[in-house]
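Using only what follows, build the 3D model:
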Amino acid sequence: MTSTAAHVQIAPSVLAADFGRLAQQVADAEAAGADLIHVDVMDGRFVPNISFGEVVVDAIRSATSLPLNLHLMVHEPDRLLPGLVKGINDQVLVHAEACAHLHRTVGYIKEQGCQVGVAINPATPVSAVEEVLPDLDIVLVMTVNPGFGGQSFIPSALGKLRRLYRTISDNGYEVQLEVDGGVKADNTARDSVGAGAGILVAGTAIFNREQSVAEAMAALRDTVSGVSPGND
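Numbering: from 1, shown residues only. Next comes the predicted model:
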């Protein structure tokens, strides 16, 4: 690991926030130095839970100047994209497992002026995104099975991160790696960055009753200080 680290982006996940104070929690995260606001859209089909729809996403967008890291955990996301893809600064991520025509979906998001990403579940191989890698800005490696907050990090995801990082580096692609699930201010964060992740999604590690948002953000920053993506 290097002593001078590239900037690792932190994307607090508002799925873990206090919904009764959602705008304030988003503002607190921005004030604490968040780079992105991670928003999980769940439809009750691709994952069991239902979370945010278009109206709430619009409200979150209006509560911050930060880009939204918009994670669509929905079946057939093409149906919902016109109502959700509104902020040209947003990053819009769909699941490879949920898209019948992934290349077409990726192309649509790019045409709207947004950064585009594809997420893969723990059991989904790297090959699921290889054909669209040249078109992507982000690949999101799920480090838990999607749909519920507060799960434990799956260590085997680190090998997938390393394989993706090598493929991206070897081909000169301009693609960031993101991890989502069970990331805390401990080895889960350090090891993820070392394996290649440049974006860390953190839910309960940021929004919890033990720390303020500012304290939690500082702890996570300190944890990955001195670690550069891909240098484990």
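
number of nearby residues for the residue lying closest to Leu133 once chain neighbours are set aside?
Excluding the flanking residues, the one nearest Leu133 by Cβ to Cβ, 6 or more residues apart in numbering is Tyr173, at 5.6 Å. Yep, even glycine has a C-beta here, placed from its N, CA and C like the rest. Counted with other Cβ atoms under 10 Å, residues neighbouring Tyr173 total 16.

can you pull the contacts of Tyr173?
Neighbour list for Tyr173: Leu133, Pro134, Leu136, Thr167 [criterion: Cβ atoms under 8 Å, 6 or more residues apart in numbering].

Mark which of these are buried, thanks.
For those, a burial check counting by 16 or more other Cβ atoms under 10 Å picks out Leu133, Leu136, Thr167.

just the helices in the chain please.
22-31, 54-62, 81-84, 102-111, 127-130, 157-171, 187-195, 213-224 (DSSP state H).

List the buried residues for the second one?
If you call a residue buried by 16+ other Cβ under 10 Å, then helix 54-62 has these buried ones: Val57, Ile60, Arg61.

packing partners for it?
helix 22-31, strand 37-42, strand 68-73, helix 81-84 (3 or more Cβ pairs under 8 Å, 6 or more residues apart in numbering; DSSP states H and E).

Give me the helices and strands touching the shortest one, please.
Contact analysis of helix 81-84 by 3+ Cβ pairs under 8 Å, 6+ apart lists helix 54-62, strand 68-73, helix 102-111 as its packing neighbours.

how about these in CSV, adding distance to Asn121 and mean pLDDT?
Shown next, in CSV, are those (distance: least, Cβ to Cβ, whole Å; pLDDT from 0 to 100):
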stretch, distance to Asn121, mean pLDDT
helix 54-62, 22, 94
strand 68-73, 10, 97
helix 102-111, 14, 96
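
Let me know which of these is the nearest to Ala119.
strand 68-73 (6.5 Å; Cβ to Cβ).

Show me what the closest one is packed against.
strand 37-42, helix 54-62, helix 81-84, strand 91-95, strand 199-202.

Isn't Asn171 up against Leu133?
Yes - using Cβ atoms under 8 Å, Asn171 is in contact with Leu133, at 7.3 Å.

Can you give me the pLDDT of the closest residue to Lys184 other than its chain neighbours?
Leaving aside its sequence neighbours, Lys184 sits nearest to Ala205 (Cβ to Cβ, 6+ apart; 4.5 Å). On pLDDT, Ala205 comes in at 95.

burial of Ala205, as a residue count?
With other Cβ under 10 Å as criterion, Ala205 counts 25.

separation between it and Arg162?
Between Ala205 and Arg162 the distance is 23 Å, computed by Cβ to Cβ, to the nearest Å.

pLDDT below threshold where in this protein?
Scanning the chain for pLDDT under 70 picks out the ranges 1-6.

cutoff 50 now
Where the chain drops to pLDDT under 50, the residues are 1-5.
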